[in-house]
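[1] Any chance you can model this:
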Amino acid sequence: MRSANPLLDFTDLPLFDRIRPEHVAPAVDELLAGADAALERVVAPGFPAEWAAIARALDVATEHLGRAWGAVSHLNAVADTPELRAAYNAALPRVTEFYTRLGADERLYAKYKAIDPATLNAEQRQALKNALRGFVLGGAELQGAAKERFAAIQERQAELAQKFSENALDATDSFAYHATEAEMTGVPDDVRQAARAAAEKDGQSGYKLTLKLPSYLPVMQFAASGTLRQRLYRAYVTRASDQAEGEAVKYDNTALMRELLALRQEEARLLGYASFGEVSLVPKMADSPAQVIDFLRQLAAKARPYAQRDVQDLRDFAAKELSLADPQPWDWAYVGEKLKEARYAFSEQEVKPYFTAPKVLAGLFKIVETLFEVAIRKDSAPVWHPSVEFYRIERTHPEGAHEGAQLLGQFYLDPTARAGKRGGAWMDDVRARWLRPDTGALQTPVAQLVCNFADGVDGKPPLLTHDDVTTLFHEFGHGLHHLLTQVNEHDVSGISGVEWDAVELPSQFMENFCWEWSVLRHMTAHVDTGEPLPRALFDKMLAARNYQAGMQTLRQIEFALFDMLLHTQGDGGTDIQALLEQVRAEVAVLPVPAFNRMAHTFSHIFAGGYAAGYYSYKWAEVLSADAYAAFEESATPEGLPSVETGRKYRQAILEAGGSRPAMESFKAFRGREPTLDALLRHQGMA
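    Numbering: from 1, shown residues only. As a prediction, this is how the structure comes out:
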């Protein structure tokens, strides 16, 4: 019976609390069969080459498959168990095979090519244009053995990316070190309490330290013991590599990375391109790998003098104040934190007690509600973990209208780090806004916002670092892009169809508000006293904002340049580590030990869709800084952002989604193309 399997219930939201590993195979069986039947129906000679007819038959079936598989993939990322992982891995090749076959079906391609664009509205025309390009990149023009090989490559890549992710997660989860009281000198109280509680839970004495960021980072920044920092640093930078110690070497990703590179290069050749970098850029804003590499090197040249000055400052301070004549890689974060405290009389730890999670969330909601003329309210839905919250975003009607508020979208928020949950932060869509062709009803969008913050200790609310706050705003920016769209065609609504190198614009744009006193003061309350963040402390934060901006910019360029060179020059025979060291020699200003294997957990490019696309962060930062400059130019005398500018931004960028090229949306908002000026100014490098 259909309703007995929660993955087959599409009446409303996913039944996350009821989905079990044993539901995966039967649901995938049924949905794949339905999607296959729909495909055959649509490609039959008598079936009309009409957008609406194809959507009613095929898009409904594939959307159901996508939603169910999305729920399984999501649970695999946030609530990993051996049983779920096994069910996911068993179904993955079949789902991949279907989507690969669908994207390469020359009969379907012909049907789409036969659609008369004059019968379509503007949104549908953009979606058709994207679809035709997708068929070409999906191998629809390949024949015979080449087509079969292309399909096999897609399937194998999906397997390898999943295994890469599992190795990175398992390698991170497998490490624990129980530190003594003496070793924990300097580590902040809340981190000590959490580590003590974790040790007690395991029936151990001392303090349990892990490689999850809420545990790892504060130790690197604050632990006085260089030996402890060295121990954790070595474990962290050798995760999932041949350099890992002991048993953990079984998670080595080296062979997977080589095979992925070889397959990507082979895929590019089959499609008639010289490199995977070229393939990756076809649907993006950037024109060519050469243009991207040139952009990165130009930015590196601008940042380098600032970065070199940052390093010299660190070396001088370490020698003079900390008696560290020759700082090692595991010392830099510690030296950096001490210098920041000395120079700005400011420490992350001094600020952290003011950022309690509930207060930060309330402040975030307040700025979003004010700027974008919406209301955010608590809502209810089945969830996968007790700490997950669910909300709705509504547009309140203009005065005089009698109807109630209009639902725009809903979102889940999963804030805390835990075992079995992948690291990092991300936004994912549960479903897209769509004027459904099967029912004629408007489907509202739903998103998932996932972070990995430390949990609260001793019954107190969780405390966020200012970095955590910025991360929350970043992911919420992605969420708004997905949720506030007014586009009715699901392939170009929200983030769908937006060029990958423009998709970070709304997320990075939101980060800027974390540096505005008019916004920040509403989202702070000291965990013990309830007092708001003092203005003097904020001024110190602001003074320290661009601390090490040169070094941080070069670090991002190092990752982006490595990624693009790897995918334009690399193949299965490439010595990945040697290329990374070559890029570091060109870009980096801090020495890195020979055992550092950063690439082995670089999930963005090996398992996360950013292959030959990591440059997008810097590319989109140019767009987002320039977009935010419009708010700076129109701010009220009190420094509050202008609601008129917010409305213009919402309409030009957020509501338009992927229904037109990103540059058109940007120009509709700014009235011109973007410039580098605002980014350099924001980062103190003008």
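
[2] How far away from the center of its chain is the lengthiest helix in the chain?
    Scanning the chain for the longest helix, with DSSP state H as the assignment, gives helix 289-321. Put simply, helix 289-321 sits 25 Å off its chain's centre (C-alpha atoms, centre = their mean, to the nearest Å).

[3] Next: stretch 665-675.
    Averaging C-alpha positions (C-alpha atoms, centre = their mean) puts stretch 665-675 24 Å from its chain's average.

[4] Name the residues that touch that stretch?
    Contacting residues not belonging to stretch 665-675 are listed as 502, 505, 622-623, 626-627, 630, 648-649, 652-653, 656, 663 [C-beta atoms under 8 Å, 6 or more residues apart in numbering]. Quick note: C-beta positions are derived from backbone N, CA and C, even for glycine.

[5] Can you give me the buried ones in it?
    For stretch 665-675, burial by neighbour count (16 or more other C-beta atoms under 10 Å) applies to 665-666, 669-670, 674.

[6] Mind putting these into CSV with pLDDT?
    CSV is the format used below for the buried residues of stretch 665-675 (pLDDT from 0 to 100):
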residue, pLDDT
Ser665, 97
Phe666, 97
Phe669, 97
Arg670, 97
Pro674, 93
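
[7] So, low pLDDT: which residues of the protein?
    1-3, 397-403 (pLDDT under 70).

[8] what ranges do the strands span in it?
    Under the criterion DSSP state E, the chain carries strands at the ranges 177-179, 207-209, 375-378, 389-395, 406-416, 426-431, 434-435, 442-443, 446-453.

[9] Can you check which of these gets nearest to Thr96?
    Evaluated over those, closeness to Thr96 peaks at strand 426-431, with 17.9 Å, by C-beta to C-beta.

[10] Tell me which other helices or strands the closest one touches.
    Judged by 3 or more C-beta pairs under 8 Å, 6 or more residues apart in numbering; DSSP states H and E, strand 426-431 is in contact with helix 60-78, strand 446-453, helix 466-483.

[11] Paired strands for the second one, with orientation please.
    What that stands for is strand 446-453. Note on strand 446-453: by DSSP bridges, its sheet partners are strand 406-416 (parallel), strand 426-431 (antiparallel).

[12] The helices and strands packed on strand 426-431 into JSON lines, with extra columns for mean neighbour count and distance to Arg431?
    Formatted as JSON lines, these follow (neighbours: other C-beta atoms under 10 Å; distance: least, C-beta to C-beta, whole Å):
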{"stretch": "helix 60-78", "mean neighbour count": "21", "distance to Arg431": "6"}
{"stretch": "strand 446-453", "mean neighbour count": "22", "distance to Arg431": "5"}
{"stretch": "helix 466-483", "mean neighbour count": "24", "distance to Arg431": "10"}
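
[13] so which of the ones you listed comes closest to Leu435?
    helix 60-78 (12.3 Å).

[14] That closest one: how far from the chain's middle?
    Distance, centroid of helix 60-78 to centroid of chain: 18 Å (C-alpha atoms, centre = their mean).

[15] Stretch 176-187 now?
    For stretch 176-187, the distance to the chain centre is 32 Å (C-alpha atoms, centre = their mean).

[16] got it, and stretch 491-509?
    Worked out by C-alpha atoms, centre = their mean, stretch 491-509 lies 12 Å from the chain centre.

[17] go on, stretch 284-292?
    21 Å.

[18] Which positions in it come out as buried?
    Under 16+ other C-beta under 10 Å, the buried positions of stretch 284-292 are 284-286, 289, 292.

[19] end to end, how far does that stretch reach?
    Start-to-end span of stretch 284-292 (C-alpha to C-alpha, to the nearest Å) is 11 Å.

[20] How many neighbouring residues does the nearest residue to Asp528 once chain neighbours are set aside have?
    In this structure, Asp528 finds its nearest non-sequential neighbour in Pro353, 6.9 Å apart by C-beta to C-beta, 6 or more residues apart in numbering. Using other C-beta atoms under 10 Å, Pro353 is surrounded by 20 other residues.
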